[in-house]
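K.L.:
no FASTA, just this:
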Ligand SMILES: NC(=O)c1ccc[n+]([C@@H]2O[C@H](COP(=O)([O-])OP(=O)(O)OC[C@H]3O[C@@H](n4cnc5c(N)ncnc54)[C@H](O)[C@@H]3O)[C@@H](O)[C@H]2O)c1
């Protein structure tokens, strides 16, 4: 594995108002993509959003209604780009979700699935996705001027099968400790775990390949008009945070999506070698719509404050953020108290035992889950209101800085995989006006 952290800030990209940011995924409040959108908007670029579509009451995939479209802030191509196959019927007459119907909590570990049938559903889901993707590509080709530079931003991640039994099992794996602890490795080796693995790969990784393939003619058209097309994607593969004054790599576990994130990196490397400007940016842990299941992922977000202090000691912006964070604590708590807790956490052997870049992603184990969950709770309890946690502000610092770094770096083909860690993020934030 080539660990490749970005240490120097890329030069400002030469994009202009005639260029276009195309988001491959839907935009949610507080999602990572908002950082890139902000950069594109500063230059007056066109922003094109996609949608995953919605399921009607009979579970058929549909485009957005006019009311739903009216809620969209950017030009939305209304073609349902949901990836995955959990609702696709196979030759048994059932979909994977239906195959899992009626399983009791006690039975899920031993439930056997017919993977030949699952493969039929996977293929069917992929065919549907590719059919809609072709229409989507034709649509954006009509909207984008021939000589515009295009930045594609892949945001898609997910793929938990929507069967009733999956969530209670996943909740135990990601949130359980003491008698509710459940080994992520054991889960991953069950048939339901294997189904999740195929599904994560389909949604989180293979969609990048499909995007690049489907936009070949658009890319060629841009290039023949002296314009560029670049592909950016959000990855996760641990991140460096300040530990005892030095930046050190650490990782949240059990990040079962990580296997698909490795595949995402491989896809980027493959296309990069073929000459395409395609890069996965491994970004730090933040809180978004998609992270509610990964309770405890945010513990490593707080030490961003240590990094900000180090990289922006004179920055007014950083000082203001510290005041805001101090105000969100209970009156008898200080930021130093809070950072003491997170420093103890990132250094504790119970946690460091799970840091291994070579064997990433790691599975959970009982003491680690307990310590992570209790620390997460402790940090939340130090704050005055559960509705105004400082993790919201810190997440914003990260998604905005990553957006700026990715946006500027996309202008020139550099590397297929970059890590954006707390050091460069803090530097970027402190330098923003
Ligand atoms: N939040 C984090 O800590 C973190 C860290 C590193 C990387 N990332 C990555 O950033 C990207 C954006 O995630 P986010 O955390 O900002 O959350 P988000 O909820 O804002 O974005 C998730 C995206 O996935 C898409 N999506 C979900 N299910 C899909 C499906 N079945 N088919 C197609 N698209 C689907 C959504 O439309 C949305 O665009 C993801 O790739 C995520 O893995 C997140």
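P.N.:
All right, it came through fine. This one's a predicted model, so the numbers in the text were calculated from it and none came from an experiment.

K.L.:
Any idea how many residues pack against the residue found closest to residue 421 once you drop the neighbours it is linked to in the chain?
P.N.:
The spatially closest residue to residue 421, leaving aside those adjacent along the chain, is residue 240, at 3.6 Å (C-beta to C-beta, 6 or more residues apart in numbering). (Each C-beta comes from the backbone N, C-alpha and C, glycine too.) Other residues near residue 240 come to 21 when the count uses other C-beta atoms under 10 Å.

K.L.:
What helices and strands are in contact with the helix or strand containing residue 240?
P.N.:
Following DSSP states H and E, one finds residue 240 within strand 239-243. Where contact means 3 or more C-beta pairs under 8 Å, 6 or more residues apart in numbering; DSSP states H and E, strand 239-243 is packed against strand 246-250, helix 304-311, helix 335-347, helix 422-431.

K.L.:
Mind doing that once more with 6 Å?
P.N.:
Strand 239-243 sits against strand 246-250, with contacts defined as 3 or more C-beta pairs under 6 Å, 6 or more residues apart in numbering; DSSP states H and E.

K.L.:
can you list contacts of the strand it packs on?
P.N.:
With contacts defined as C-beta atoms under 6 Å, 6 or more residues apart in numbering, strand 246-250 is touched by 238, 240, 241, 346, 355, 357, 423.

K.L.:
so does it get close to the ligand?
P.N.:
No - with C-beta under 6 Å from any ligand atom as the criterion, the ligand is not reached by strand 246-250; the gap is at least 13.4 Å.

K.L.:
Show me what the mean pLDDT comes to for that strand.
P.N.:
In this model, strand 246-250 has a mean pLDDT of 96.

K.L.:
okay if I get the contacts of strand 246-250 as CSV plus pLDDT and distance to the ligand?
P.N.:
Converted to CSV, the contacts of strand 246-250 look like this (pLDDT from 0 to 100; distance: C-beta to the nearest ligand atom, whole Å):
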residue, pLDDT, distance to the ligand
238, 96, 10
240, 97, 13
241, 97, 13
346, 94, 16
355, 82, 17
357, 90, 16
423, 98, 16
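
K.L.:
Between these, which sits nearest residue 196?
P.N.:
Using C-beta to C-beta, residue 238 comes nearest to residue 196 of these, at 20.8 Å.

K.L.:
and the closest one, how many residues sit next to it?
P.N.:
Using other C-beta under 10 Å, residue 238 is surrounded by 25 other residues.

K.L.:
cool, residue 191 as well?
P.N.:
Applying other C-beta under 10 Å, we find 18 residues neighbouring residue 191.

K.L.:
Give me the distance between the closest residue to residue 166 other than its chain neighbours and the ligand.
P.N.:
Of all residues not flanking residue 166 in the chain, residue 160 sits nearest, at 5.7 Å (C-beta to C-beta, 6+ apart). Per C-beta to the nearest ligand atom, to the nearest Å, residue 160 is found 9 Å from the ligand.

K.L.:
hmm, back to that, run through who's touching the strand holding residue 240.
P.N.:
Identification of contacts with strand 239-243 by C-beta under 6 Å, 6+ apart yields 247, 249, 250, 284, 300, 303, 306, 307, 346, 421, 422.

K.L.:
and residue 31, backbone torsions?
P.N.:
With angles defined as degrees, to the nearest 10, residue 31 sits at phi -80, psi 160.

K.L.:
give the contact list for it.
P.N.:
Counted by C-beta under 6 Å, 6+ apart, residue 31 has contacts residue 288.
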